[in-house]
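Chemist: below: sequence and its predicted model.
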Amino acid sequence: LGDASGVTGVTGVRLKSTTDGSTQELQLAGVFIAIGHKPNTDIFKGQLEGKTIAIWGLAFKPNTDDMRDAPSRRLIEQLWQAGAKVRVFDPKAMEEFERIYGDRADTHYAATQEEALAGADALAICTEWKSFRAVDPHMLRDALSSAVVVDGRNLFDPWTMAQAGVAYHAIGRPHIAPGV
């Protein structure tokens, strides 16, 4: 993806997978900035300050509240550093997230995945919960003000998302322009 250094709050874009495939170390905040610099797109214009990003999945894997080394932690910390607000949801790890980070003005704790989308500009998916897979892409398009999804778990088919009008950025997959 390149390097986002020089952009306030982000020092670079690096992606790496662990050998067991259980987690990905993702600096997704850099992905949000990088997509703002691709030709033929105005997504965020490389700026995250004042944006609201919904985060689905806080734990490092589904069916746990364990947040040790969870990709969501680094992502959210980078988003905060870049001046973004977050709306977080995880079926099991909400209490653990609140224990770690406490009550913050730049964070909304959502009771449902749909509530996390309310008022968000974009969505980042960090954990592959089954309930996330069952989402209608048209609902995502309508719920997000910028209809941008950055999927760190490759939950959706890029063609389906593009046909629904969602700017879908999945790790390790080509980007397909919405409406194709």
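Modeler: Happy to help now that I have it.
Chemist: when you work out contacts or count neighbours from here on, use the C-alpha atoms and nothing else.
Modeler: Will do.
Chemist: chain neighbours aside, what residue packs nearest to residue 155?
Modeler: residue 133 (6.0 Å; CA to CA, 6 or more residues apart in numbering).
Chemist: ok, the one you found touching residue 157?
Modeler: No - using CA atoms under 8 Å, residue 133 is not in contact with residue 157, being 10.3 Å away.
Chemist: tally of neighbours for residue 139?
Modeler: Using other CA atoms under 10 Å, residue 139 has 14 other residues around it.
Chemist: could you do residue 159 as well?
Modeler: Using other CA under 10 Å, residue 159 is surrounded by 17 other residues.
Chemist: for the helix ranked longest in the chain, packing partners?
Modeler: Scanning the chain for the helix with the most residues, using DSSP state H, yields helix 71-81. Judged by 3 or more CA pairs under 8 Å, 6 or more residues apart in numbering; DSSP states H and E, the packing partners of helix 71-81 are strand 24-26, helix 28-35, strand 85-89.
Chemist: ok, 10 Å please
Modeler: Packing partners of helix 71-81 (3 or more CA pairs under 10 Å, 6 or more residues apart in numbering; DSSP states H and E): strand 24-26, helix 28-35, strand 52-56, strand 85-89, helix 94-101, strand 122-125.
Chemist: re the thing from before, surely the residue nearest to residue 155 touches residue 156?
Modeler: Yes - the criterion here is CA atoms under 10 Å, and residue 133 meets it with residue 156 at 7.0 Å.
Chemist: circling back: distance check, the residue nearest to residue 155 against residue 151.
Modeler: 11 Å (CA to CA, to the nearest Å).
Chemist: higher neighbour count, these two?
Modeler: It is residue 151, of residue 133 and residue 151, that has more neighbours when counted by other CA under 10 Å, with 20 against 12.
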